[in-house]
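Engineer: Here you go, sequence then predicted model.
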Amino acid sequence: MIPQSPERDVLSHSTVQEVLSFKRDIHMYIDVGKDDSISTALKLMLEGDVLSLPVYEESGGKRKYVDLVTIEDIRNHIISWDGLDDEIKHQELGGKSRGPTVLEEPVSNIVSKPHSKPPVISINSSLDELLALFSECRRHRVLVNMSEGDESPPVSLTQSDLLRFLNHNNHKFGAYFDLAVSEIAKLQGASAIVSDNSSHLATIKIRETALNGFQKLRDLHLGALGILDGDGRLVTELAGTSLRWLTEDKINLLGRPVLAYLFGLNCSISAPYICRKEFTISQVTMGLLRTKARRAWILDSMNRPIGVITLNDLLSVFQTSPQQTVASSRMNIQSYAARTIKNAH
């Protein structure tokens with residue numbers, strides 16, 4: 001049982017409604033038709049700077065919202081397309097698309113297949129329950145049950161929305177925000193494990209193809225890979241966001257080295273948000289919210305990645321008491337030191 005603390009007491013008595021009131025613009029107004037093409041969905045995501053879209057079907061001149069399609073759903077559908085390798089080779093030889101490509105398929109081909117349905121939470125649920133749902137589903141967005149019917153645009157909350165709310169009320173959660181990155185890095189269930197090298201991290205070398213990278217993201221259920229140069233330094237990251245620039249005549253770029261893929265799409269390549277393990281949770285949170293990033297890469301003095309902290313990792317901190325977090329970290333550090341001394345002998 002999680003020990004109760006003043007901070008956790010606030011979380012158990014605050015509700016989803018409070019986060020929605022703070023967010024204000026709560027509906028997902030950018031949507032896509034079930035019969036629209038995947039290419040159209042990607043363009044809408046790019047124009048709206050979003051990574052998921054409500055899917056509707058029309059009947060009698062009215063829209064009925066039936067599902068949610070994410071960039072991860074589209075990514076998995078594209079790289080699983082039977083004709084992908086042939087299309088890549090054909091376009092690389094200078095030929096135009098030989099026929100309808102995967103991007104011309106309707107969105108219904110994605111939502112009709114088994115895929116991860118968006119989790120739903122009640123507007124009256126506590127923030128404790130919302131934190132638990134984000135941790136369990138490991139999705140960036142959850143839908144909120146507003147009892148408005150399926151003809152209204154869905155209402156949703158993202159991990160960023162919740163973190164922004166917590167940060168706005170940081171005077172209530174100071175004990176969490178004052179923690180150092182190194183103190184949460186070894187929390188059970190967190191991916192933010194800091195070590196002396198990048199061998200434990202999911203990365204890709206600059207000579208590997210973008211397709212290999214997306215397949216690794218799918219298989220590991222991750223949102224991004226660090227792209228490393230020949231010396232192991234972090235160059236940028238590969239994430240599903242880049243697929244929003246993909247068009248029918250550029251499918252061949254998936255078969256090229258990852259940097260050639262990114263440059264070939266002329267997509268926005270922003271520097272990844274980086275931090276040091278001495279940073280506090282407050283500093284990392286402010287940086288992620290300011291840059292709209294979903295993860296912070298922890299670098300050593302040689303700019304080599306030694307860890308990564310995702311939004312999910314940050315939110316997982318709030319599921320334990322601050323005192324428990326520090327105690328857990330100290331136990332991990334002492335255990336690591338004991339193993340190091342034993343191995344030295």
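Structural biologist: Great, that's in hand. Numbers count the residues shown, from 1 in each chain.

Engineer: nearest residue to residue 275 other than its sequence neighbours?
Structural biologist: residue 296 (4.8 Å; C-beta to C-beta, 6 or more residues apart in numbering). (Glycine included, C-beta is placed from N, CA and C.)

Engineer: per-residue confidence averaged over the helix or strand harbouring that neighbour?
Structural biologist: Element membership for residue 296 (DSSP states H and E) is strand 295-299. For strand 295-299, the mean per-residue pLDDT is 92.

Engineer: Against residue 242, how distant is the residue nearest to residue 208 when sequence neighbours are not counted?
Structural biologist: With C-beta to C-beta, 6+ apart as the criterion, residue 208 has its nearest non-adjacent residue at 6.0 Å, and that residue is residue 258. Separation of residue 258 from residue 242 (C-beta to C-beta, to the nearest Å): 10 Å.

Engineer: Those two - which one has more neighbours?
Structural biologist: residue 258 (27 against 22; other C-beta atoms under 10 Å).

Engineer: what's in contact with stretch 242-250?
Structural biologist: Stretch 242-250 is contacted by residues 39, 42-43, 45-46, 71, 74-75, 78, 91, 96-97, 101, 103-104, 253-254, 261-262, 264-267 when judged by C-beta atoms under 8 Å, 6 or more residues apart in numbering.

Engineer: Mind giving me the PyMOL command for buried ones among those?
Structural biologist: For the buried members of the contacts of stretch 242-250, the matching PyMOL selection, counting by 16 or more other C-beta atoms under 10 Å, is:
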select buried, resi 39+42+43+45+46+71+74+75+78+91+101+103+253+254+261+262+264+265+267
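
Engineer: OK, contacts around residue 126?
Structural biologist: 11, 12, 13, 14, 15, 16.

Engineer: Closest to residue 313 out of these?
Structural biologist: If you rank these by distance to residue 313 using C-beta to C-beta, residue 11 comes first, at 17.0 Å.

Engineer: Tell me if I'm right that that closest one and residue 128 touch.
Structural biologist: Yes: using C-beta atoms under 8 Å, residue 11 is in contact with residue 128, at 5.0 Å.

Engineer: between these two, who's got more neighbours?
Structural biologist: residue 11 (20 against 17).

Engineer: Show the contacting residues for that one.
Structural biologist: 126, 127, 128, 131, 318.

Engineer: Around the last one, count how many other residues there are.
Structural biologist: Around residue 318 there are 23 other residues, counting by other C-beta under 10 Å.

Engineer: And the pLDDT for it?
Structural biologist: 87.

Engineer: where's it relative to residue 19, distance?
Structural biologist: Counting by C-beta to C-beta, the gap from residue 318 to residue 19 is 13 Å.

Engineer: what's the spatially closest residue to residue 289 that is not a sequence neighbour in contact with, if anything?
Structural biologist: Ranked by C-beta to C-beta, 6+ apart and with sequence neighbours excluded, the top spatial neighbour of residue 289 is residue 164, at 5.7 Å. Taking C-beta under 8 Å, 6+ apart as the contact definition, residue 164 lies against 22, 23, 289.

Engineer: quick one on the thing from earlier: who touches both of residue 11 and residue 128?
Structural biologist: By C-beta under 8 Å, 6+ apart, no residue touches both residue 11 and residue 128.

Engineer: that older thread, buried set for the helix or strand harbouring the residue nearest to residue 289?
Structural biologist: Per DSSP H and E: residue 164 is located in helix 159-168. With burial defined by 16+ other C-beta under 10 Å, the residues of helix 159-168 counted as buried are 159, 160, 161, 162, 163, 164, 165, 166, 167.
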